[in-house]
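Enquirer: below are the sequence and a predicted model; questions follow.
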Amino acid sequence: MAMNPTVEHAAEIERPAPRSGVRSAIVDFCRRRTLGALGAAVIVLMLTVATFAEFLAPYDPVANNFGAMLSAPSRGHWLGTDSFGRDVLSRLIYGSRTALMVGFGASVLGATLGAILGVGGAYFAGKIDLVLQRIMDIFLSFPLIILALALVAILGNTIPNLIIAIMIPMIPRCALVIRSSALSIREMPYVDAARAAGFSHARIIMRHMLPNVMAPYLIMLTAFLGQAILLEASLSFLGLGVQEPLAAWGLMLRGAAVEFAETAPWLAIFPGLAISLAVFAFNLFGDSLRDALDPRLRTQ
Amino acid sequence: MWKYLLKRSLLMIPTLLGVAVVIFFLIRIIPGDVVELRMSGDTGSVSEEILKSERARFGLDKPVWQQFVTWIAGVARLDFGTSMWTGAPIWDEIKLRFALSMQVAVMATLIAVSLAIPLGVIAALKQDSWIDYAVRIFSIAGLATPSFWLGIVFILSLLIIFKWLPPMVYTPFWVDPWQNIQQLIWPALAVGYRYSAVATRMTRSAMLEVLREDYIRTARAKGLWQKLVLWRHALKNAMLPVMTVVGIEFAFLLGGLVVTEQVFNLNGLGLLFVQAVAHRDYTLIQALVMLVAGFTILVNFAMDVMYGWLDPRIRYR
């Protein structure tokens, strides 16, 4: 169910400059930023795999097969099987679904809420801004994973709860960046004009200010995507994220992968490669997007 | 300057207090408490009465705000109380593991800095060459590789290639330095790679910015030795943002160690935290979070002050 909006969103990211023609913008992006295009290609591939997991996976990802426990990669099982005889490739394919759902869910929500808070703080200024800033400071003092860990313990470990737990620590990080660019937008004549025309605060924020912080917003969003996937994998690895028998990359590295490291190294290698490749692709794409949209933010 | 220092250090107090409030109330929303978990471990089910008396022993029967006041009064005197799970004083629990986590963190920082600065400088100097691309790919890969997986890969390769495993029992550095390094170098490398990636990217972009400044052109134009321009003029000015990133990452390293310590079976602060959450050991979670958050806030403060000290253009009000 959550797949549709994510696909739409990926399409949105790929068009940073809709005014100059979508197709020419994409072609231009591919030519000038080869690495970014490479990242985008991997992302598209992952989205396809996640969407059509039912058709692509050779086996049922949760079906135990005690006749074929810990079998090495072979023609029947390309990437081998785990200690329950489950096909590693099928679990990887279904795991991409978990990773992308949590990744997109947490980063889109976190960046959007952060953007609204950042713009809101900059717009209202004064006391509201000060209070918001202090609250953000408090949440910024927690390491990402420690806050997410505590939140997951409170909420329980279903996928929607994981999304919330990962999203919350991201909000202040996004709000901080967006606020600084919104501060200059607030001084623009068109914001004054909107205020003079008697528009409501909500309308000015949503319709006039938010669209103008699109560049930092998209940059933060792509940066969060990789982080969210990593965080989900870490939580699942600690046993606090997605639960068995659901397929998730971090979970696949837990327990058996370390226990049977010597006899069945494929258990430890492939899920880690999948995580790294996914995050790598998002980072490559995000980096190029940042260079294309706003060279000043390179240092972020 | 002194006025600024005072004002800035006073501002740390509300933030710390905020952290205390957030963590104190947050963990009390987690379903189940330490008494239930501890008691049900032995016999399966316990009577309400025992639970009640145990809760009273920890003061968990009092109103929450009263518990908070008692706790915060202790924190103000740096007294975190005793662990609800083991009964040992919190400071003893932390002291046991602090040296190990700190050593891994320091080693990771050394690895990160000694990788990041040369790599970042070279990448910036040879911008858009193949070296730059290689460094960028290396650092983006560092951001993408989960440190716990890197740890597993290290163990795996040592085992398969060298038929050797790092020692499993922790030996303090002053007892047997060689044994100690053999064990801790691997987690330090696993965490250090990601850390170095962050620092490399920052070094590169800071250098790129500085190299475009007028004073670099002037220094070159007057025929200064290229190396001197680099070290004395460029690197010195590019170091400020790099130091900030290194400082902040160091403060957050405890968070990074949460997962890595699990892989290497290291009895450090990260493992302690995961256990504390599993046991609902309120006092221990609170103490650890306050420690990490306090450290982060202190690092930020130190960075702010250092900016003013190193960069005279920044004036404090």
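Expert: Happy to help now that I have it.

Enquirer: and B:Gly255, what's its pLDDT?
Expert: Looking at B:Gly255, its pLDDT is 67.

Enquirer: so what's residue 265 up against?
Expert: By default, I'm working from chain A. B:Leu156, B:Ile160 (CB atoms under 8 Å, 6 or more residues apart in numbering or on different chains). C-beta here means a position set from N, CA and C on the backbone, and glycine is covered the same way.

Enquirer: oops, wrong one, chain B.
Expert: B:Met168.

Enquirer: okay, it: pLDDT?
Expert: For B:Asn265, the pLDDT comes out at 84.

Enquirer: swap in A:Pro295?
Expert: A:Pro295 is given a pLDDT of 54.

Enquirer: the host helix or strand of A:Ser181 and chain B in contact?
Expert: Taking DSSP states H and E as the definition, A:Ser181 sits inside helix A:159-186. No. On the criterion CB under 8 Å from any CB of the partner chain, helix A:159-186 is out of touch with chain B, staying 10.2 Å away.

Enquirer: mind listing what's buried in that helix?
Expert: Neighbour counts over helix A:159-186 (16 or more other CB atoms under 10 Å in any protein chain shown) mark A:159, A:162-179, A:181-183, A:185 as buried.

Enquirer: please apply the same query to stretch A:48-68.
Expert: Residues of stretch A:48-68 classed as buried by neighbour count (16+ other CB under 10 Å): A:Val49, A:Ala50, A:Thr51, A:Ala53, A:Ala57, A:Tyr59, A:Pro61, A:Asn65, A:Ala68.

Enquirer: pull the CA atoms of it into CSV?
Expert: Provided in CSV are the C-alpha atoms of stretch A:48-68 (Å, rounded to 0.1, in the frame of the first residue of the first chain):
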residue,chain,number,x,y,z
THR,A,48,11.2,-2.1,-9.4
VAL,A,49,12.5,-5.1,-7.5
ALA,A,50,10.6,-4.0,-4.4
THR,A,51,7.4,-3.5,-6.3
PHE,A,52,7.4,-6.7,-8.2
ALA,A,53,8.9,-8.8,-5.4
GLU,A,54,6.2,-11.4,-5.8
PHE,A,55,7.1,-12.1,-9.4
LEU,A,56,10.9,-11.8,-9.0
ALA,A,57,11.6,-13.9,-5.9
PRO,A,58,12.2,-17.5,-6.8
TYR,A,59,11.0,-18.8,-3.4
ASP,A,60,8.6,-17.8,-0.6
PRO,A,61,10.8,-15.7,1.7
VAL,A,62,9.4,-17.1,4.9
ALA,A,63,9.0,-20.8,3.8
ASN,A,64,11.3,-23.0,5.9
ASN,A,65,13.0,-25.9,4.1
PHE,A,66,14.8,-28.0,6.6
GLY,A,67,16.0,-30.3,3.8
ALA,A,68,18.2,-27.4,2.5
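
Enquirer: distance between it and the chain's centre?
Expert: Its chain's C-alpha centre and that of stretch A:48-68 lie 24 Å apart, by CA atoms, centre = their mean, to the nearest Å.

Enquirer: kindly report the same for stretch B:191-198.
Expert: A distance of 12 Å separates the centroid of the chain from that of stretch B:191-198, by CA atoms, centre = their mean.

Enquirer: quick one: the helices in chain A, in order.
Expert: Counting by DSSP state H, chain A has helices at residues A:3-13, A:22-32, A:34-51, A:53-56, A:88-124, A:126-140, A:144-155, A:159-186, A:189-196, A:201-203, A:214-237, A:249-252, A:256-259, A:266-293.

Enquirer: ok and the residue in the stretch 1-150 of chain A nearest chain B?
Expert: Relative to chain B, the nearest point of the stretch 1-150 of chain A is A:Pro143 (2.7 Å; CB to the nearest CB).

Enquirer: contacts only, for that residue.
Expert: Contacts of A:Pro143 by CB under 8 Å, 6+ apart are B:Ala251, B:Phe252, B:Leu254, B:Gly255, B:Gly256, B:Val292, B:Thr296.

Enquirer: ok, A:Val242 next?
Expert: A:Thr98, A:Asn157, A:Ile159, A:Leu162, A:Glu232, A:Ser236, A:Ala248, A:Gly250, A:Leu251.

Enquirer: from chain B, how far out is the second one?
Expert: According to CB to the nearest CB, to the nearest Å, A:Asn157 and chain B sit 12 Å apart.

Enquirer: I'd assumed B:Met207 was in a helix, is it?
Expert: Yes. Under DSSP: H, G, I helix; E, B strand; the rest coil, B:Met207 sits within a helix.

Enquirer: cross-check the contact I'm expecting between B:Ala20 and B:Val75.
Expert: Yes. Under the criterion of CB atoms under 8 Å, B:Ala20 makes contact with B:Val75 at 6.7 Å.

Enquirer: domain ranges for chain B?
Expert: Domain assignment for chain B by automatic domain parsing gives B:2-76, B:97-310.

Enquirer: could you list the residues of the stretch 201-300 of chain A in contact with chain B?
Expert: A:226, A:230, A:233-234, A:237-238, A:250, A:253, A:257-258, A:261-262, A:265, A:268-269, A:271-272, A:275-280, A:283-284, A:287, A:298-299.

Enquirer: quick one, helices of the stretch 101-250 of chain B?
Expert: Using DSSP state H, counting those that start in this stretch, the helices found in the stretch 101-250 of chain B span residues B:130-144, B:147-162, B:177-211, B:214-221, B:226-228, B:236-264.

Enquirer: can you check what pLDDT the model gives the residue nearest in space to the middle of chain A?
Expert: The centroid of chain A falls nearest to A:Leu225 when counting by CA atoms, centre = their mean (2.2 Å). In this prediction, A:Leu225 carries a pLDDT score of 92.

Enquirer: the buried residues of stretch A:48-68: which two are farthest apart?
Expert: The largest separation in the buried residues of stretch A:48-68, counting by CB to CB, is between A:Thr51 and A:Ala68 at 28.0 Å.

Enquirer: so where is chain B shaky, pLDDT-wise?
Expert: Counting by pLDDT under 70, chain B shows low-confidence ranges at B:38-46, B:255, B:311-317.

Enquirer: ok, now which ones touch the most centrally placed residue in it?
Expert: Centroid-nearest residue in chain B, with CA atoms, centre = their mean: B:Leu253, separated by 2.2 Å. By CB under 8 Å, 6+ apart, the residues touching B:Leu253 are B:Ala105, B:Ala108, B:Thr109, B:Val191, B:Tyr195.

Enquirer: A:Leu235: neighbour count?
Expert: 27 (other CB atoms under 10 Å in any protein chain shown).

Enquirer: please name the residues that touch B:Ala238.
Expert: B:Thr203, B:Ala206, B:Met207, B:Glu209, B:Val210.

Enquirer: didn't the third one look like it was pressed against B:Leu125?
Expert: It refers to B:Met207. Yes. If you go by CB under 8 Å, B:Met207 and B:Leu125 touch, sitting 7.5 Å apart.

Enquirer: higher neighbour count, the two?
Expert: Ranked by neighbour count (other CB under 10 Å), B:Met207 and B:Leu125 place B:Met207 first, with 25 against 17.

Enquirer: tell me the contacts of the more buried one?
Expert: B:Gly120, B:Val121, B:Ala124, B:Leu125, B:Ala234, B:Leu235, B:Ala238.

Enquirer: tell me how far the ends of stretch B:268-288 are from each other?
Expert: 12 Å (CA to CA, to the nearest Å).

Enquirer: same thing with stretch A:194-210?
Expert: End to end - CA to CA - stretch A:194-210 spans 14 Å.

Enquirer: got phi/psi on residue 78?
Expert: In the absence of a named chain, chain A is used. Backbone geometry at A:Trp78, expressed as degrees, to the nearest 10, gives phi -60, psi -40.

Enquirer: hmm, no, I was thinking of chain B.
Expert: phi 60, psi 30.

Enquirer: ok, residues contacting the one helix or strand B:Val69 maps to?
Expert: When elements are assigned from DSSP H and E, B:Val69 belongs to helix B:64-76. The contact list for helix B:64-76 (CB under 8 Å, 6+ apart) reads B:17, B:20-21, B:24-25, B:28, B:59-60, B:62, B:80-81, B:283, B:286, B:290.

Enquirer: no further queries at this time; thank you.
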